[in-house]
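Peer 1: Next input, structure requested:
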Amino acid sequence: MQPSSDFCNTPQHTHCLKGEEMDAQLGALLAQRPKGRVHSIFENGINLAMGDSLIFVGTTKNGRLPFGIHMGQDSVSRLRRHVRLDDTVVAEGADTIRFLHPDGPLTLDLAQAVPFQYEIRSDRYHCFRDLFHVNEFMKTCLAWGVPTGLDVEWDRFLANEYRPDEPQYAVVRQAEQLLDGLLSGEVQAVEAPLRYFLGRGPGLTPSGDDFLVGVLAVHKLTGAFHPACVASLRHMVEREAITTDVSRAYLLHALQGRFSDKVTRVMNAMVREDMKDIENAAPLNANLEQMLQTGHSSGIDTAFGIASAIMALRR
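Peer 2: Numbering: from 1, shown residues only. Here you go, the predicted structure:
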């Protein structure tokens with residue numbers, strides 16, 4: 001039964017917030033995993049651990065997430081003030097989440113939340129020639145100029161100028177070995193580079209993981225990588241404590257072909273033939289710049305993964 005439109009205004013629900021948008025699949029997940037806890041709290045929202053799954057409740061600053069419930073900053077600020085780490089969370093069906101707190105519960109009403117679902121259009125890709133905007137993608141990253149979270153500089157990366165005695169050379173070489181293995185299907189060849197990137201770097205989504213999200217976005221679009229090698233990555237993420245809980249959630253969704261709207265828009269723009277001239281390529285550049293702005297370096301690291309995978313396909 002869905003709450004009525006004035007659900008949040010009834011006396012017993014004065015501590016109530018309304019979700020504005022939510023991933024279309026989250027309702028089913030909440031029905032299956034009705035009990036959880038507040039996992040982590042950030043400036044832009046909070047994460048809920050519902051069983052072995054994470055749900056983000058917060059703003060769209062980092063995009064609309066494939067495990068996201070989104071609302072405005074004022075509502076997020078109210079939510080952050082009310083909850084504490086490890087507070088119990090109970091989902092009452094697919095439309096209501098209740099945060100249990102000693103000072104009284106807070107209810108998140110999802111009945112009016114607009115569902116969203118973003119899909120990378122793999123049906124538009126048949127061969128490398130369908131990536132119409134590779135040059136524009138690389139030029140935008142080069143012009144952006146900010147190094148990746150693993151200190152790889154775009155100009156030297158694209159020019160292949162790193163020397164073996166430089167630390168960045170190891171990053172680029174590991175990326176090449178990983179992608180060569182993904183393309184050839186050599187499962188043993190990808191294990192070491194996967195372990196090199198998984199969990200590498202600071203923060204809740206380490207740079208190495210964001211790089212892998214970019215690689216998986218190219219795989220979703222092209223289907224180019226050997227399924228046994230992708231399965232090896234899935235096995236590590238699912239069964240090993242190899243990275244953060246938040247990053248693990250991103251990777252598991254990426255392994256299912258599910259990405260934020262920022263990543264999805266970039267990948268879909270790459271295969272839009274009607275943007276082949278400079279003027280009409282502007283939507284790609286605008287979408288890419290929005291992705292590059294994500295997080296401290298998450299967007300840049302994702303772009304590095306996309307660029308590395310595309311260069312491997314070109315090779």
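
Peer 1: Every contact and neighbour count from this point should use C-alpha atoms.
Peer 2: Fine.

Peer 1: Report the mean per-residue pLDDT for the helix or strand where R80 lies.
Peer 2: Using DSSP states H and E, R80 sits within helix 73-82. Computed over helix 73-82, the mean pLDDT rounds to 94.

Peer 1: And the next helix or strand past that helix?
Peer 2: Going down the chain from helix 73-82, the next helix or strand is strand 88-91, by DSSP H and E.

Peer 1: Next secondary structure element downstream of that next one?
Peer 2: Next helix or strand after strand 88-91 toward the C-terminus (DSSP H and E): strand 96-99.

Peer 1: what packs against that following strand?
Peer 2: strand 88-91, strand 106-109 (3 or more C-alpha pairs under 8 Å, 6 or more residues apart in numbering; DSSP states H and E).

Peer 1: so can I have a markdown table of those showing mean pLDDT?
Peer 2: A markdown table is the format used below for the helices and strands packed on strand 96-99 (pLDDT from 0 to 100):
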| stretch | mean pLDDT |
| --- | --- |
| strand 88-91 | 96 |
| strand 106-109 | 96 |
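
Peer 1: Using TSV, please lay out these together with mean neighbour count.
Peer 2: TSV is the format used below for the helices and strands packed on strand 96-99 (neighbours: other C-alpha atoms under 10 Å):
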stretch	mean neighbour count
strand 88-91	21
strand 106-109	22
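
Peer 1: now those in CSV, with distance to R314?
Peer 2: Listed next are these as CSV, based on distance: least, C-alpha to C-alpha, whole Å:
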stretch, distance to R314
strand 88-91, 47
strand 106-109, 48
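
Peer 1: where along the stretch 1-150 of the chain do the helices fall?
Peer 2: In the stretch 1-150 of the chain, the helices defined using DSSP state H, counting those that start in this stretch lie at 26-32, 73-82, 134-144.

Peer 1: contact partners of the longest one?
Peer 2: Contact partners of helix 134-144, identified using C-alpha atoms under 8 Å, 6 or more residues apart in numbering, comprise W154, D155, M270, A281, L284, N285, L288, E289, A303, A307, I310.

Peer 1: ok now that helix, how far from the chain's centre?
Peer 2: 21 Å (C-alpha atoms, centre = their mean, to the nearest Å).

Peer 1: end-to-end on stretch 127-135?
Peer 2: Using C-alpha to C-alpha, to the nearest Å, the end-to-end distance of stretch 127-135 comes to 16 Å.

Peer 1: What's the mean pLDDT across it?
Peer 2: Per-region confidence: stretch 127-135 scores 89 on mean pLDDT.
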